[in-house]
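Enquirer: Coordinates for the following, if possible.
(one chain, ligands or ions: 1)
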Amino acid sequence: MDQPLTLPPGRDIRLADFDPGFTEGLDREAAEAETRRHCDKLDELAYRLFAEAKRAVVVVLQGIDTSGKDGTIRILASGISPQCLDVKSFKAPSALELSHDFLWRVHAAIPPHGTIGVFNRSHYEDVVVVRVRKLVPKDVWQGRYGQINAFEKLLHDGGLTFVKCFLHISKQEQRERLEERLKDPKKQWKLGPDDLADRQRWDDFTQAYDDALSECNTAHAPWHVVPADKKWYRNLVVARLVRQTLERLDPQFPKFDSSLLTKLD
Ligand code: ADP
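Expert: Modelled structure (predicted):
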């Protein structure tokens, strides 16, 4: 089955139409070799973005628990110098954050020009988990789709490029990953009381993601559905997407002032 990663805006997205186990026919070895090539190139492109210091990129990572957000960040961090990278994790909002509009903390976390931000969860929690756990009334979360689109457009027009990735795993794969966490003393800490309760609401999360992805898949900030049952394929897709985005931006070193050549004694 062929599988587009990026869908034209305006089309309804149903996650059930995407195979989380898709690997475009690649095996692990070939995928890892290609990922390494993308990461090598990423380092150079990120450095150019940093030197140019006129634009920024934000990679948004969303997905159900255990979908691999942390692992994806590790791969990007393996390819990009820390000075060019800004990783931000969005947890349940603090009392201060809740006393502002839902985008306040997100706007504050937008990286400066020259930097690649990686969002481990994001403002999409405010139309997904908030909806599923009924933390705000329906008319509030429904109004947020338009607010998110306007916010992303504002940032886009200011020189920010979003790479929005939904890490798509199957319910069976999540079961295996949760089981591993339950058994492995080095991973047990990752399990919170909400994780198993959220699994009971798998269908509600899927519905909330279908709607969020459909409503906020815009030309200026499209969504990508990343097949993520195979970690090595997920890594490849995200590394490739970020590389392609930076190549499209084609950041340039600032013009060199050649008069400096005469000033070194
Ligand atoms: P993670 O699962 O990302 O590794 P945690 O175990 O600390 O990290 O979980 C963070 C929790 O915060 C998740 O359950 C997530 O749904 C929740 N969260 C994030 N943003 C919001 C929000 N805006 N409103 C409510 N809950 C949120």
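
Enquirer: I would like the residues contacting the helix ranked longest in the chain, please.
Expert: Under DSSP state H, the helix in the chain containing the largest number of residues is helix 28-52. Under the contact criterion Cβ atoms under 8 Å, 6 or more residues apart in numbering, helix 28-52 has outside partners 23, 26, 55-57, 75-76, 78-81, 83-85, 114-116, 230, 232-233, 235-236, 239-240, 242-243, 246-247, 249, 251-254. C-beta coordinates here come from the backbone N, C-alpha and C atoms, glycine included.

Enquirer: So which of the residues you listed are in strands?
Expert: Ala56, Val57, Leu85, Ile116 (DSSP state E).

Enquirer: Neighbour-wise, which one of these leads?
Expert: Ile116 (26 neighbours; other Cβ atoms under 10 Å).

Enquirer: how close does whatever residue of the stretch 101-250 of the chain ends up closest to the ligand get to Cys165?
Expert: Residue of the stretch 101-250 of the chain nearest the ligand, by Cβ to the nearest ligand atom: Glu125 (3.3 Å). Noted for Glu125: a distance of 15 Å to Cys165, by Cβ to Cβ, to the nearest Å.

Enquirer: burial count for Asp195?
Expert: Asp195 has 16 nearby residues by other Cβ under 10 Å.

Enquirer: and the gap between it and Glu173?
Expert: Taken as Cβ to Cβ, the span from Asp195 to Glu173 is 15 Å.

Enquirer: Give me the longest strand you can find in the chain.
Expert: strand 160-168.

Enquirer: and the angle for it with helix 28-52?
Expert: For strand 160-168 against helix 28-52, the angle by axes from the mean of the first three to the mean of the last three Cα atoms, to 10 degrees is 160 degrees.

Enquirer: Give me the contacts around strand 160-168.
Expert: So strand 160-168 is contacted by 15, 18, 20, 55-63, 67-69, 72, 110, 152, 155-156, 209, 213, 216, 220-228, 234, 237-238, 241-242, 245, 249 (Cβ under 8 Å, 6+ apart).

Enquirer: go on, stretch 60-74?
Expert: With Cβ under 8 Å, 6+ apart, stretch 60-74 has contacts from 87, 118-122, 124-125, 128, 162-169, 173-174, 177-178, 181, 195, 198-199, 202, 205, 209, 228, 231, 234-235, 238.
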